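J.: Need the 3D shape of this:
(chains A and B)
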Amino acid sequence: MANQNNYDNYPNGPEQDSPYGFSGGYGDPRYAEPRREGYAPRDGYAPRQGYPEQSRYAGGQGYERDYGRGYADGYGSREADRRPAGRYDDYGRDYGRYDGYGRAYGEPGRGQAYDPYGSRAPQPSYDRQPQPSYDRQPQPAYDPYEEPYADPYAENYDGYGDEGYNEPEAAPEQEADAPRGYAFKVRNLTKDYDGNVVLNNISFDIPAGKIVGLLGPNGCGKTTLIKILAGLIHDYTGMIKIGGKPVGISSKASLAYLPDRTYFPERFRTIDCIEYFADFFKDFDKIKAIEFASRFGLDLHQRIKTMSKGMQEKLQLLVVMSRAADIYLLDEPLGGVDPAARGVILDIIMNNYKKNATVVLSTHQVNDLEHSFDHVLMLGHGQVLVNTGIETLRSTGKSVEDIFKEVIGDAWEVE
Amino acid sequence: MLGRLSKNSLKATFHSVYNIYIAMGVIGVIMLVMLLVDWTKWGDTGVGVGYLIKIVASVALCLTAGIGVLMTFVAVFSEFNRNLYGNEGYLTLSLPVRSSTLMFSKWLSASFWVIVSYLALVGCAFGSFIYIVKHSMNEYASTYDLILQLVDQLSYSSGVVTPSINVILNLAAMYAFEGAVRACVFVLMVFFAITLSHCRPFSKRGKLGTLIYFFLTFFGVYVFAGIITKLVKIYIVVSDTHYTVTLSEYQVQQAWKLGFGAYSITNLYCTVIAAIFLFMICCLLLDRKVNAD
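T.: Numbering: from 1, shown residues only, chains lettered A, B, ... in the order given. Next comes the predicted model:
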């Protein structure tokens, strides 16, 4: 039986040992946790066991190995038993914060635990009671108003459903161009190609103002995800918000997209590409683009069909990076570029994106880029395997590349 | 945005077809130069050679214009396909514009080029006919008389009064307008077929699927228009000075007897309605179903 070790905390059985006298039914305050589907881990909420637990849990496989010892919250694994595999992949760290205390969701009454499934009996007030020692290390009660646990999204997230993505509002004292709460909110995203599921009900958030590494093995859905975010793929299910807006004209206007192929017509000259972007994107800086072209050694009157693949990629990169977009989606910007040019391209990317913009870099070149990432999103098995800040990853003492190999290695395992 | 998109689409098609129009221009110039040459200086042989060159040039012009129409069709539809559903679609579909604006700009540009190619073909055919048969003002006048006599003969055999020249011109304008509208509708039908063939599950048949969907659409639209035309008959009676809409067939018969013309618009009207419907479906598919692959 999967997760049998999770009962280690209940030597006499969960019903007997439960201080609440019930075994996890709907009235059990342990399940006061509302099912925040796809609620992504966030910076500062480091997993207790480090990323591997999260990743395996997220991948929907092998978590008995890691969590069987006792999930961080003491009964999170019981909860996990009830969840479809892979559906709650980003919850890993969050359970340790909310469970068992109930009051986190007891608002506004605070004295009564929130029961998302409809209580069958009146709920006792647990929030002031001494906490049982389910956790090996008891957690402080979560208080959404308490500063140390301030959730960067809490002010924008209603916590209970898709409709709750309120627009993040900048505080009055906040700078106008300060990063907003999140760049992307993705919920229950599923995309398949003729029945071959590439993205399987994934949910995650990407904080705004970060350089995000989108990593994963070939065919894991990186490009599909980027194309969905860029508004190029429409036949998917799920909900996506980009800076609080659904994918559409406004999101496209604030998003600079670099695909993994040449998308300019062959008849275009360099100057035509620049003029084209100047025509359609208000945030495009034509002078900057011409300067970039000069720096890259591109002749303004050279036609694309006479350019090498590397030159075409440079041209596309320079027009994309000449935009002052809120979000840059760069799909394999270093693909097909010689090692000597990589440095120049990275330099162009890192030094020319708009201040406080979010940059999503999809790449296999983990080694080249890992020092640039603030945040990492790893995909595999159609799931989000890792979605965390770079500090969290580094706290494991391993490089991003090592972690990538380890996590992706799991993703390649044949079940 | 519509203007910028249209400009880009027009330029894209121009790059594909300008060669054929340059060829037509060169042939036209050669034909005009031939007019200036006095072939009689070389006797009967010279006159014979002159006529031969004129005939060859005229046929070449007509052929070029015909090829121009074909090339224009291929160019506008391949440009549409490439620009929306090929690699260029990665750029086009990521532009911050409405799908309807995008589709409308493509339709405007394609219709423009299709109409231009038709006009070029008609112009070349008519010009070549006159060029071969006659090449002096007096002879042009007698050609015109010949055409009028032909109309008289047709009118007499049909039992109607020969319409005046103004009525004939007005009717010709109506038919020209219908031709242009039908060309635009045709463009939309092809756009619809191409768009549908890029939506799952219709994409499985590839280019053959595009052809199948086009013929089904074409057939469907004209069957629909034909059925409605049988049920409801709307005419425009064309006189020297004005147009009158009528539902009465008796009025139409009387109009012909009085030297006016009449023109049925039901079929065209239904075709246009169907085309608008196709346009809306195209936009919906572009918004909801089409992926850049």
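J.: May I see the domains of chain B written out as residue ranges?
T.: With domains defined by automatic domain parsing, chain B comprises B:1-135, B:161-293.
J.: For the first one, what is the distance to the chain centroid?
T.: Relative to the centre of its chain, domain B:1-135 is centred 12 Å away, using CA atoms, centre = their mean, to the nearest Å.
J.: Near chain A, which residues of the stretch 1-150 of chain B are found?
T.: B:1, B:4, B:8, B:12, B:15, B:82-83, B:87-91, B:93-98 (CB under 8 Å from any CB of the partner chain). Yep, even glycine has a C-beta here, placed from its N, CA and C like the rest.
J.: filter the residues you listed to the buried ones?
T.: Neighbour counting by 16 or more other CB atoms under 10 Å in any protein chain shown classes B:8, B:12, B:82-83, B:87-91, B:93-98 among the residues of the stretch 1-150 of chain B next to chain A as buried.
J.: which of those sit farthest apart?
T.: For those, with distances taken as CB to CB, the pair at the greatest spread is B:N87 and B:R98 (22.1 Å).
J.: quick one: the helices in the chain?
T.: All of this refers to chain A. All helices of chain A, identified by DSSP state H, fall at A:14-17, A:51-59, A:63-67, A:76-82, A:95-98, A:222-229, A:249-253, A:270-280, A:286-296, A:309-321, A:339-352, A:366-369, A:390-394, A:400-412.
J.: switch to chain B, that's the one I care about
T.: So, for chain B - with DSSP H - the helices run B:2-36, B:43-85, B:89-92, B:99-133, B:137-158, B:165-196, B:206-231, B:249-257, B:266-288.
J.: Just name the most buried of those.
T.: When neighbours are counted by mean count of other CB atoms under 10 Å in any protein chain shown, the highest per-stretch mean among those falls to helix B:89-92, a mean of 23.
J.: contacting residues around B:I265?
T.: B:234-236, B:245 (CB atoms under 8 Å, 6 or more residues apart in numbering or on different chains).
J.: and of those residues, the nearest to A:F268?
T.: For the contacts of B:I265, the nearest to A:F268 is B:I236 (46.2 Å; CB to CB).
J.: Surely the closest one touches B:L247?
T.: No: under the criterion of CB atoms under 8 Å, B:I236 lies out of contact with B:L247, with a separation of 11.1 Å.
J.: Could you list the low-pLDDT ranges of the chain?
T.: Picking chain A for this. Scanning chain A for pLDDT under 70 picks out A:1-180, A:336, A:409-415.
J.: try again with chain B
T.: Where chain B drops to pLDDT under 70, the residues are B:134-144, B:159-160.
J.: Taking the stretch 101-250 of chain B, what residue is nearest to chain A?
T.: Nearest to chain A, among the residues of the stretch 101-250 of chain B, is B:R200, at 6.3 Å (CB to the nearest CB).
J.: What separation is there between that residue and A:D235?
T.: Counting by CB to CB, to the nearest Å, the gap from B:R200 to A:D235 is 6 Å.
J.: Between the two, which contacts overlap?
T.: Shared contacts of B:R200 and A:D235, defined by CB under 8 Å, 6+ apart, comprise B:K289.
J.: what's the nearest residue to B:Y85 if we skip its chain neighbours?
T.: Across the structure, with CB to CB, 6 or more residues apart in numbering or on different chains as the measure, the residue nearest B:Y85 apart from its sequence neighbours is B:H198 (4.7 Å).
J.: And B:F73, by the same measure?
T.: B:V114 (6.8 Å).
J.: residue contacts, that neighbour?
T.: The contact partners of B:V114, by CB under 8 Å, 6+ apart, come to B:72-73, B:76, B:183-184, B:186-187.
J.: Alright, I will stop here.
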